[in-house]
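Participant: Got a predicted structure here, sequence first:
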Amino acid sequence: MTPRAAVLTVSDRSWLALREDLSGPLIRGRLVALGYDVESPRFVPDDRRAVAAALREWSDARFALVLTTGGTGLAPRDQTPEATLDVAHRLVPGIVEWIRARTAATHPFAVLSRGVAVVRDSTLIINLPGSPRAVAEYLDLLEAVLPHALSQVTQRPTFGNSLPHIDERR
Amino acid sequence: MTPRAAVLTVSDRSWLALREDLSGPLIRGRLVALGYDVESPRFVPDDRRAVAAALREWSDARFALVLTTGGTGLAPRDQTPEATLDVAHRLVPGIVEWIRARTAATHPFAVLSRGVAVVRDSTLIINLPGSPRAVAEYLDLLEAVLPHALSQVTQRPTFGNSLPHIDERR
Amino acid sequence: MTPRAAVLTVSDRSWLALREDLSGPLIRGRLVALGYDVESPRFVPDDRRAVAAALREWSDARFALVLTTGGTGLAPRDQTPEATLDVAHRLVPGIVEWIRARTAATHPFAVLSRGVAVVRDSTLIINLPGSPRAVAEYLDLLEAVLPHALSQVTQRPTFGNSLPHIDERR
């Protein structure tokens, strides 16, 4: 079955139509090329509740993958990682550690991207930076691990209800 | 004094005796060779409360080191890191960051291991992946830092009660 | 405008005047050379509430940067990272990930430094280890990213109150 994915552009300027969003369509194009069934890009301002609401909605609709772009820096309104942690059930620290380490090798400012990768129910959510150049670098690396990661996230428990109950929801 | 260590295998299949546990005995053997006094391996299913209960029990019994194996992936029942965070007083992010970075250099899927390293009272707890091959790689790297880490974790405060009180327990 | 910075030495021994503090003055000297307006070094014992109180005070006084030294290890009273997380609004995981990875390449014990980097309001707070040698290594790397990081942290929101309200304070 084709995995369903969604892309969220988090940016006051793009939301106010003061800037053309290049990163959202770039991510969407790459995911389509990789064989995902991708929703049209959606925009929200740099607002913690708006970001969290969009992530929760897609996760509840059982999307396998949600990628965000923007709001991962240190400026006062950059709070995409906090919104993502608000809806997270489990953290996947290694994905973003690895991408930061690889991208920092050529440009140290990459370490300032505060993005997180998390699982909510059967959805993997990863924060990408806002710039199209950084987004392209993230996708180049993510390609190598996404299929394996998603096959795990979307797996059904083997033993159904015969084993102790998981309750990791907050 | 010989430091006491314990090994916890977290796996529905091993707990149900549907799979032979190779990783638990492998870790135990390596720790014995390093001079630790090691408990017999114990099994729990992939259940957050069962994992947390075992960790709490060994920490309360003042074991210096607890290594877990299994339950660090992204499958629905993988929740060893969450159980470990449930009992943690302090985080040691650098240990797992370093091992993931080193192991990802040869196989990128290593970044999907969600393990954490934490301190609870005077016990260091580290999550290892489930596969024997990955466990062996983790132990090769851990060997270099365990003695120094444990000498700190098990240290007695120099000034006893003459300085402000620590209360980091939750 | 010259950015204001402060340095906090966290150490029972230095606070009790049982040890000369070399790291605090070292950090101060380097920051002055980089053009910061730096407060005189301050000392606190390894006490979670004392560390948090100092950080809160400087953040409320709108310092752009606070660097701590000491209390990042695994000994029982090392709890500078916990105190820093107590006052944090947002985490910047990449800064310390990067420094640990770079310093661990030459001495693996560097992975045991549990320091965190966080933002509280418009203040960037970073935990450095206690030893003068390690402090010098951290500063060599930090120099490359501090100006860019602080320009973001101290930025004023472009759209003032015309966009959804942020409330990230705990």
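Facilitator: Ah, there it is.

Participant: in chain A, which ranges drop under the pLDDT threshold?
Facilitator: Along chain A, the parts satisfying pLDDT under 70 run over A:157-170.

Participant: which residue is nearest the middle of it?
Facilitator: By CA atoms, centre = their mean, chain A has its centre lying nearest to A:I126, at 2.5 Å.

Participant: A:T69 is in contact with that one, correct?
Facilitator: No: contact criterion CB atoms under 8 Å: A:I126 and A:T69 do not qualify, at 10.1 Å. For glycine as for every other residue, the C-beta is placed from the backbone atoms N, C-alpha and C.

Participant: Find the nearest non-adjacent residue to A:V44, please.
Facilitator: Leaving aside its sequence neighbours, A:V44 sits nearest to A:A50 (CB to CB, 6 or more residues apart in numbering or on different chains; 4.1 Å).

Participant: ok, now A:V111?
Facilitator: Using CB to CB, 6+ apart, the closest residue to A:V111 is C:G94 (3.7 Å).

Participant: helix/strand/coil for the residue nearest to the centre of chain A?
Facilitator: strand (DSSP: H, G, I helix; E, B strand; the rest coil).

Participant: What's the separation between it and chain C?
Facilitator: 14 Å (CB to the nearest CB, to the nearest Å).

Participant: ok so, going back, immediately after the helix or strand that contains the residue nearest to A:V44, which helix or strand?
Facilitator: Element membership for A:A50, per DSSP states H and E: helix A:48-60. Using DSSP H and E, the helix or strand that follows helix A:48-60 towards the C-terminus is strand A:65-69.

Participant: how about the CA coordinates for whichever helix or strand comes after that following strand, as CSV?
Facilitator: Later in the chain than strand A:65-69, the nearest helix or strand by DSSP H and E is helix A:80-87. Extracted in CSV, the C-alpha atoms of helix A:80-87 (Å, rounded to 0.1, in the frame of the first residue of the first chain):
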residue,chain,number,x,y,z
THR,A,80,8.0,24.1,15.6
PRO,A,81,10.1,21.7,17.8
GLU,A,82,8.1,22.6,20.9
ALA,A,83,4.8,22.1,19.0
THR,A,84,6.1,18.7,17.8
LEU,A,85,7.1,17.6,21.3
ASP,A,86,3.6,18.7,22.5
VAL,A,87,2.0,15.9,20.4
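
Participant: Provide the secondary structure category for the closest residue to A:L74 other than its chain neighbours.
Facilitator: Nearest residue to A:L74, sequence neighbours excluded (CB to CB, 6+ apart): C:Q152, at 3.9 Å. Using three-state DSSP, the structure places C:Q152 in helix.

Participant: And for C:Q152, the neighbour number?
Facilitator: Other residues near C:Q152 come to 17 when the count uses other CB atoms under 10 Å in any protein chain shown.

Participant: Tell me if I'm right that it and A:R77 touch.
Facilitator: No: at 10.5 Å, C:Q152 does not count as touching A:R77 under the criterion of CB under 8 Å.

Participant: List the buried residues of stretch A:18-33.
Facilitator: Residues A:21-24, A:26-28, A:30-31 are the ones in stretch A:18-33 that count as buried (16 or more other CB atoms under 10 Å in any protein chain shown).

Participant: is that stretch up against chain C anywhere?
Facilitator: No: judged by CB under 8 Å from any CB of the partner chain, stretch A:18-33 makes no contact with chain C; its nearest approach is 9.5 Å.

Participant: Skip the chain neighbours and tell me the closest residue to the residue nearest to the centre of chain A.
Facilitator: Using CB to CB, 6+ apart and skipping residues adjacent in sequence, the residue nearest A:I126 is A:A117, 4.5 Å away.

Participant: Same check on A:I125?
Facilitator: Excluding its sequence neighbours, the residue lying closest to A:I125 (CB to CB, 6+ apart) is A:V66, at 4.6 Å.

Participant: Let me see the contact set for that neighbour.
Facilitator: A:5-8, A:55, A:58-59, A:123-126 (CB atoms under 8 Å, 6 or more residues apart in numbering or on different chains).

Participant: Roughly how far does it sit from A:D121?
Facilitator: To A:D121, A:V66 is 12 Å away according to CB to CB, to the nearest Å.

Participant: list residues touching both of the two?
Facilitator: Residues touching both A:V66 and A:D121 (CB under 8 Å, 6+ apart) are A:S59.

Participant: Point out the residues in chain A that sit beside chain C.
Facilitator: Residues of chain A lying near chain C by CB under 8 Å from any CB: A:12, A:16, A:45-50, A:73-79, A:81-82, A:93, A:96-97, A:100-101, A:104, A:108-114.

Participant: Can I get the buried part of the residues you listed as one PyMOL selection?
Facilitator: Selection of buried members from those for PyMOL, criterion 16+ other CB under 10 Å:
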select buried, chain A and resi 12+45+46+47+48+50+73+74+75+76+77+78+79+81+82+93+96+97+100+101+104+108+109+110+111+112+113+114
